[in-house]
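Colleague: need coordinates for the below:
(one chain, ligands or ions: 1)
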Amino acid sequence: MAISATAVCAIKAQAAGGRTNSTKQKDGIFCPFARTQAHRFGILGAHRRSDYRVRFRLKPPHDVDRFTLVSANIKMATLLTLATASILLASGVSAHGFVQYITTAEGVQYRGYDPGFRFSNPAPSVPGWYADNPDIGFVPPQSFQNPDIICHKSSRPGQDYVNVKAGSNITLQWLTWPESHVGPIIDYIAPCPSTGCTNVNKEELKFVKVAQKALKPGVTSSTNWLQAWVVDDFIHNDFKWTFTVPRDLKSGQYVLRHEILALHSAWDTNGAQAYPQCINLNVTGGGQTEIKGGVEATKFYTAEDPGIHINVYSGLTEYSVPGPALWR
Ligand SMILES: [Cu+2]
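Modeller: Model (predicted):
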């Protein structure tokens with residue numbers, strides 16, 4: 001019987017107490033999951049030096065005073081001991097999350113595109129878009145005008161659809177998410193041509209922004225930076241995010257572009273991290289409203305947008321979510 005790469009990796013992560021930093025396993029199975037667990041527990045997992053700097057300086061994780069040291073921008077070399085420097089060198093990649101499951105209000109479950117599918121031949125047909133993302137990484141601001149920002153790196157359309165009624169909710173279940181990776185969570189949709197979404201040219205997709213959440217209501221300048229953001233709620237909700245299909249949306253096929261922007265390193269130019277996830281929707285029971293006025297995802301953001309190049313450690317009470325204004 002076959003055991004999936006994801007299952008093997010889950011076992012390994014557990015066996016290692018979530019502490020493995022080994023991604024090249026003896027059996028040839030690359031374990032992003034194991035790495036993700038380690039990352040989440042704050043043990044290691046830097047894909048950028050500045051990420052590492054944050055994580056290292058923030059043990060225990062809610063220690064704001066120590067963070068002041070970091071935002072003072074002390075030189076890397078003076079912060080790192082020899083031991084941590086060697087971990088840095090060892091950790092070439094790290095993992096975050098991806099949308100693993102999509103569940104409708106009726107309880108029907110679909111799969112997102114799992115990076116572990118690269119070990120399946122043929123890969124399963126799922127509504128989630130393929131992305132060349134074995135390290136479960138991100139799209140950096142220097143690529144925000146590149147097609148990689150549309151649906152993640154080298155993405156290709158999903159080959160199935162989530163069947164969903166207009167006006168109903170779907171739940172997007174991420175595998176995991178590191179608590180330090182604060183920022184907004186945003187949903188966009190774009191209509192597909194009459195031929196559907198499974199062979200659509202992604203560069204022709206014109207999206208409207210249908211939902212966005214960033215700072216929680218009631219945030220003050222003394223709110224702990226980790227708790228200030230909707231990402232905190234998302235993590236406490238077991239990495240689930242709910243998207244509501246607009247009730248009056250015309251029935252048809254759409255690409256949902258769901259995204260988390262991680263801003264923990266965004267004080268640095270090019271330090272923000274976009275994690276877009278695309279999913280094909282087949283909307284039924286809809287109304288009269290067609291989507292007009294959408295824009296290409298390559299026009300959403302620039303590296304210098306105030307919501308992209310930003311220091312999230314300065315007691316923010318306001319945040320301007322980047323990208324187009326909310327639709328309607
Ligand atoms: Cu990270």
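Colleague: CA atoms for contacts and neighbours, from now on please.
Modeller: Noted.
Colleague: hang on, residue 130 packs against residue 159?
Modeller: No: if you go by Cα atoms under 8 Å, residue 130 and residue 159 don't touch, sitting 9.1 Å apart.
Colleague: more crowded one of these two?
Modeller: residue 130 (27 against 17; other Cα atoms under 10 Å).
Colleague: show me what contacts that one?
Modeller: Contacts were defined as Cα atoms under 8 Å, 6 or more residues apart in numbering; by that measure residue 130 touches 113, 155, 156, 157, 158.
Colleague: could you confirm residue 232 falls within a strand?
Modeller: No: under DSSP: H, G, I helix; E, B strand; the rest coil, residue 232 sits outside any strand and is assigned helix.
Colleague: give me the domain ranges for this protein.
Modeller: 5-90, 99-299 (automatic domain parsing).
Colleague: mean confidence for stretch 154-169?
Modeller: Mean pLDDT, stretch 154-169: 98.
Colleague: mind listing what's buried in that stretch?
Modeller: Using 16 or more other Cα atoms under 10 Å as the test for burial, stretch 154-169 gives 155-167, 169.
Colleague: ok, now stretch 241-252?
Modeller: For stretch 241-252, by 16+ other Cα under 10 Å, it's 241, 243, 244, 245, 246, 247, 249, 250, 251, 252.
Colleague: over to stretch 117-132?
Modeller: 117, 118, 126, 127, 128, 129, 130, 131.
Colleague: any idea which of these is closest to residue 283?
Modeller: Nearest to residue 283 among the buried residues of stretch 117-132, counting by Cα to Cα, is residue 127 at 12.9 Å.
Colleague: gap between that closest one and residue 144?
Modeller: 24 Å (Cα to Cα, to the nearest Å).
Colleague: same question, residue 271
Modeller: From residue 271 to residue 144 the distance is 12 Å (Cα to Cα).
Colleague: which residues touch the closest residue to residue 247 other than its chain neighbours?
Modeller: Nearest residue to residue 247, sequence neighbours excluded (Cα to Cα, 6 or more residues apart in numbering): residue 167, at 3.6 Å. Taking Cα under 8 Å, 6+ apart, we find residue 167 in contact with 244, 245, 246, 247, 248, 286.
Colleague: hmm, try it at 10 Å
Modeller: Residue 167 is in contact with 243, 244, 245, 246, 247, 248, 249, 283, 284, 285, 286, 287, counting by Cα atoms under 10 Å, 6 or more residues apart in numbering.
Colleague: give the contact list for the third one.
Modeller: In this case it means residue 245. 164-170, 189, 210, 256, 281, 283, 286.
Colleague: go on, residue 148?
Modeller: 131, 132, 138, 139, 140, 154, 155, 202, 203, 276, 297, 298.
Colleague: over to it: give its phi and psi.
Modeller: phi -60, psi -20 (degrees, to the nearest 10).
Colleague: any idea how far it lies from residue 170?
Modeller: Counting by Cα to Cα, the gap from residue 148 to residue 170 is 25 Å.
Colleague: ok, residue 297 next?
Modeller: 22 Å.
Colleague: look at the two and report which has more neighbours.
Modeller: It is residue 297, of residue 297 and residue 170, that has more neighbours when counted by other Cα under 10 Å, with 27 against 23.
Colleague: I'd say the more buried one and residue 187 touch.
Modeller: No: judged on Cα atoms under 10 Å, residue 297 makes no contact with residue 187 at a distance of 11.8 Å.
Colleague: so where do the helices sit in the stretch 51-200 of the chain?
Modeller: Per DSSP state H, counting those that start in this stretch, the stretch 51-200 of the chain carries helices over the ranges 64-71, 76-79, 82-90, 148-151.
Colleague: list the beta-bridge partners for residue 139.
Modeller: Legend: beta-bridge partners of residue 139 under DSSP bridges are residue 274.
Colleague: and the strands in the protein?
Modeller: In the chain, the segments counted as strands under DSSP state E are 99-104, 109-111, 162-165, 169-174, 185-191, 208-213, 240-244, 252-262, 273-284.
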